[in-house]
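K.L.:
Fold the stuff below for me.
(chains A, B and C)
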Amino acid sequence: MTVLVLLSYEKGNYIRPITRSAITAATKLGDVHVLLAGKDLGDLAQKASALSGVKKVLIADHEAYAHMLAEPTADLIESLADSYDTIIVPANAEGKDILPRVAGLLDIQPVSDIVEIIDTNTFVRPIYAGSILATVKTHDNKKLLSVRGTAFAPTAEEGGSAEIEKLTHFSGSEKTLSKFCELKISQSDRPELESARVVISGGRGMQSSDNFVLIEKVADQLNAAIGASRAAVDAGFINNDCQVGQTGKIVAPELYIAVGISGAIQHLAGIKESKVIVAINKDPDAPIFKASNYGIVGDLFEILPQLEEKLGALK
Amino acid sequence: MKVIVPVKRVVDSNIKPLVKSDGSGIEINGVKMSMNPFDETAVEEAVQLKEKNIVTEIIVISIGEIKCQDILRTAMAMGADRGILVTTDQAVESLSVAKILKHFVEKEKPDFVLMGKQASDDDMNATGQILAAKLGWAQGTFISKLELSEGKAKVTREIDDGQEILELTLPAVLTTDLRLNEPRYASLPNIMKARKKPLETVALTDLGIDLKNSLEIVSIKEFSSSRESIIVDSVDALLDKLKNEAKVI
Amino acid sequence: MGEVAREQIEFDILIVGGGPSGLSAAIRLKQLVPSLDICLIEKGSEIGAHIVSGVIIEPTALDELIPDWRYKDAPLNTSVQHEAMFYLPNELKSINIPIIKSIMPQMNNAGNYIGSLGDFCRWLASEAEALGVQVFPGFAGSDLIVEQDQVMGVIVGDMGLEKDGSQGSSYVPGMELRAKYTLFAEGCRGSLSKKLMQRYNLRQGVDPQTYGIGVKELWEIPQSKFSAGYIQHSFGWPLDDKTYGGSWLYHFGNNFVSFGFVLGLDYENPWLSPFEEMQRVKTHPVIRKHLEGGRRIGYAARALSEGGYQSIPKLTFPGGLLIGDAAGFLNVPKIKGTHTSMKSGMIAAESIVEALNIKQKDPMIYQFRIRKSCVYDELYQVRNIRPAFAKFGTKIATLYTGLDSMVRGKFPWTFHHCLADNDKLKPASLCLKPDYPKPDDKLTFSRESSVFLTNIDHRDDQPVHLKLKNPAIWKTVNLDIFKAPETRYCPAGVYEVIDEHNEDQGPKLQINSQNCIHCKTCDIKDPTQNINWETPEGGSGPNYSGGM
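P.N.:
I've put the predicted structure just below:
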């Protein structure tokens, strides 16, 4: 069994961790080849070749793939598909744009956002905004999967020495259905709540909007997005669009820190997919503790400055 | 311009889905159903374009049981011109939906298809892209801004690290992010008017499209994450856990 | 807020509220005069979304309204098979009270059906729509249109207002729905019905209305424990002798158990929490054994009228009338109001047709017909039972009920409801604080996790729909004397006292209106009637699902 994984990277030659997670998932299904498509790829091929678990790196170096537009990239993957039993993309905006288009070309039903592999045909994926997990079995001979980053540990960046093969046939490269105009990287210093790797939220225990500065300082150390409970939003401490929870934003970061939040069920519903939850609260009976991995019972006005300082020292 | 907006009837997003006790599916008996919120955004965008005289006709299409008429009526109350309901008792997965939509695209010849990027029930996020592939059209997915001009669509896409702006050659399939707009309330007079707009019903079996379902739902269960709830007594101990045990910092 | 230009729509008849009475009235009107243009509005996001009841339905009114209902997929599939009544002297013991049908006919449930009133209303609505009634869920009647002392219709609320009352980007002004007659079918303590009672003095000369609050859970239990058609009621523990209330437990449908607890809102102890009493009563062996091993799938709460015969207001006014529990047609000893509600709606329909013919502004004929109807007879017979509990306490009143029922209520006297429920509270310092156990998350639950099951939705940035008429009273009366009873009687945790870190200003009342499940208890029980419940944006509130 051979698996093709589409490599997702950032300009600046940085392989996104979600690609490494997708590779981990792929290794459970067979030998892993990765496809590196783009233009001006720098040392990405070497980096890809060094990824642990990768057997082969296919390089498609062509102007047509410079922005990984779905139409040419899907054509490229389709042209390679014959050699693979399974094609995997990271479940990010890029992968989710491209994979179903490949599926349309191959006449296969794709399976999005898998979080667990049961066997070569059976996968677990969240539905209903993550509140339900469905185990699904595909009856297609070829499998097209997108893989959730948080569900699989990223493969090591070193240890591999995959063979590198340069492709010479660039399928779809003549396509001009869409034209790249501009990329706007978020200007905000902070990542967005829904896609941040770390989120730190404050609740009514923050007591005032001024005190959110304590949260901001910790967030700076962690490059975290800032959220809030509904109680804090209602009390006017912070803006509406920071609200995390059932009626606000649903987040699934690797690390979620809840500060002075009691843990109303509506709030918990919005954070339950987080990988690790930390609670800081002075009330040992607060329901947030039951829903967290780690907790500190104590005064947040003492804990937050310590956290800021010690995180700084860790760097 | 003419636009097709496909809409899906799903469990209302305010309802906590209840897993049937045998794990075979979600309880939908007596449960409030609504238009998929992502599709609602697509309908709203189409209506706004019609109000700006860019779009001249909005056709909404749904696939499912006869009750799906209600969301088509809602879409027409928001401003869509006519509806088509393809009736079937079978569940249809993205690939099949795309094939059915292709049939109507070829028949109606719209300038573009505007649809939700995903349905809030199965969260598959695939139908629009599959349809674009099947039609050989350009695709603009997860869009938060749309500007149409002669033969072109300029779209702003929400991507992982910001936004990407593309120019697409029409015809194209566009899928909407919720940030595109805020859907309107259907007013009472418009609901009354919508009841008189044309709604065509066709049976899926009469379309002669060869469909198969290849994705089988083996079982479903409620998401529950059991967490250890380890209480630590200092910031140092917490950071130690986060660094060495959970490995998240 | 300035005057806004509102669009108008005219109908022949407007019905406010999509419960059993409103839907029955709509259906009857269409049956009598198919050409009538009838509009029914409902504040819930769909028909059934705000409907809460046990429920056991006596099919008398339904037989009359839709005689072939059994062939029309009506969701009444479980007929009552066995029934039991328990007096609970304490948390462990139970005494089975034999139900002697000849003595207490009102307690006999043979021939009745257990079901979900929400599902039943959804079905009634489909029948009404098939007859051509225009049903509009998601639209809340927010104010009356009165011209020259005549009710001309209602205003359906504005949509898209911001928290401060200003117009948001999606603002749609509400509109005027006008009709020759408007039927108010808002259920217990309707906000427009309340205004009508004040404006037209409808309560003059009758007893104050008294109320109860019903708190309900829907369970799915293992097949092995399920016994279709089994019903049981309990009274006694955990309430003291002078507090009225009890539990119900009905097996119906597909392994469903409807479990709930009704507490008379004339209770005196401000420390009481109807929610916690309901949780606590589940731990009694006679109830626990049914629910253990099952899973809770729904939660709901709603006030109900308990005043009965003595509290029925004047029912008509120029341009309209009251039907169903908005008028207070619940039969308390029977624990049923669906059939009387439906019947009142049907009588109203018949009366309206006559009034239309003779162009009578005030459809007084309805009042007359109700007095001559079985609804009135039924309520008259049991008129003394509920007040006897207030007068004598539970034990003696139970004996009295036996006697009173034996003579079918023909004793020459009528007990009265002397005080409204809000006047019954005693100062907190004079009352004992009950010690409610902590939830175990298997049989008993927190209020917060319960509200979550109501599928509640209020758009976050709309104006607060629960208002204090005089905010200063809250501190001096509610807090100082009664220790904020609203934080306990509210079954949804809407009211919260915030006192931490606020020493300079003192404690403050936080109103989490987005938690409100529209039970109306605060509008009833607030000691000085200082809390006013208004309709939030249409479609807001709980979304009770099938089975509820």
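K.L.:
ok, now which ones touch residue A:20?
P.N.:
A:51, A:154-157 (Cβ atoms under 8 Å, 6 or more residues apart in numbering or on different chains). (Glycine included, C-beta is placed from N, CA and C.)
K.L.:
Now flag whichever of the residues you listed is closest to chain C.
P.N.:
Top of the list for closeness to chain C, among the contacts of residue A:20 and by Cβ to the nearest Cβ, is residue A:154 at 34.6 Å.
K.L.:
Now name the helix or strand holding the closest residue in space to that closest one that isn't next to it in sequence.
P.N.:
Using Cβ to Cβ, 6 or more residues apart in numbering or on different chains and skipping residues adjacent in sequence, the residue nearest residue A:154 is residue A:20, 3.4 Å away. Element membership of residue A:20 [criterion: DSSP states H and E] is helix A:17-27.
K.L.:
Just the CA trace of that helix, in PDB.
P.N.:
Output of helix A:17-27 as PDB, limited to C-alpha atoms (Å, rounded to 0.1, in the frame of the first residue of the first chain):
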ATOM      1  CA  PRO A  17       3.000  21.000  11.500                       C
ATOM      2  CA  ILE A  18      -0.400  19.900  10.200                       C
ATOM      3  CA  THR A  19       1.500  18.300   7.200                       C
ATOM      4  CA  ARG A  20       3.600  16.400   9.700                       C
ATOM      5  CA  SER A  21       0.400  15.200  11.500                       C
ATOM      6  CA  ALA A  22      -1.000  14.000   8.100                       C
ATOM      7  CA  ILE A  23       2.200  12.100   7.500                       C
ATOM      8  CA  THR A  24       1.900  10.300  10.900                       C
ATOM      9  CA  ALA A  25      -1.700   9.300   9.900                       C
ATOM     10  CA  ALA A  26      -0.400   8.200   6.500                       C
ATOM     11  CA  THR A  27       2.300   5.900   7.900                       C
END
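K.L.:
give me the number of residues near residue 275?
P.N.:
Reading this off chain A. 18 (other Cβ atoms under 10 Å in any protein chain shown).
K.L.:
um, chain C though
P.N.:
26.
K.L.:
before we move on, what about residue A:220?
P.N.:
14.
K.L.:
what's the answer for the one 4 residues further on, then?
P.N.:
When neighbours are defined as other Cβ under 10 Å, residue A:224 has 24 of them.
K.L.:
again, but for residue C:74
P.N.:
Other residues close to residue C:74 by other Cβ under 10 Å number 20.
K.L.:
That one touches residue C:62, doesn't it?
P.N.:
Yes - here residue C:74 lies in contact with residue C:62, judged by Cβ atoms under 8 Å, at a distance of 7.5 Å.
K.L.:
Residue of the stretch 301-450 of chain C nearest chain B, please.
P.N.:
Taking Cβ to the nearest Cβ, the stretch 301-450 of chain C has residue C:449 as its residue nearest chain B, at 11.0 Å.
K.L.:
helix/strand/coil for that residue?
P.N.:
The three-state label given to residue C:449 by DSSP: H, G, I helix; E, B strand; the rest coil is helix.
K.L.:
from memory it sits against residue A:266, does it?
P.N.:
No - Residue C:449 lies out of contact with residue A:266 (Cβ under 8 Å); the separation is 10.1 Å.
K.L.:
For the stretch 351-500 of chain C, list the residues in contact with chain B, please.
P.N.:
C:452-453, C:455-457 (Cβ under 8 Å from any Cβ of the partner chain).
K.L.:
er, the stretch 101-250 of chain C I mean
P.N.:
Residues of the stretch 101-250 of chain C lying near chain B (Cβ under 8 Å from any Cβ): C:116, C:118-119, C:122, C:134, C:136, C:139, C:156, C:159-160, C:169-170, C:172, C:175, C:177, C:220.
K.L.:
Looking at these, which one is closest to chain A?
P.N.:
Nearest to chain A out of those is residue C:169 (Cβ to the nearest Cβ; 13.6 Å).
K.L.:
do you know how far the closest residue to that closest one other than its chain neighbours is from chain A?
P.N.:
Spatial nearest neighbour of residue C:169, excluding adjacent residues (Cβ to Cβ, 6+ apart): residue B:182 at 6.3 Å. Residue B:182 sits 13 Å away from chain A, going by Cβ to the nearest Cβ, to the nearest Å.
K.L.:
Could you list the low-confidence segments of the chain?
P.N.:
You didn't pick a chain, so chain A it is. For chain A, the stretches flagged by pLDDT under 70 are A:187.
K.L.:
could you do chain C instead?
P.N.:
C:1-4, C:100-106, C:500-504.
K.L.:
repeat that for 80
P.N.:
Applying pLDDT under 80 to chain C flags residues C:1-5, C:99-107, C:460, C:499-505.
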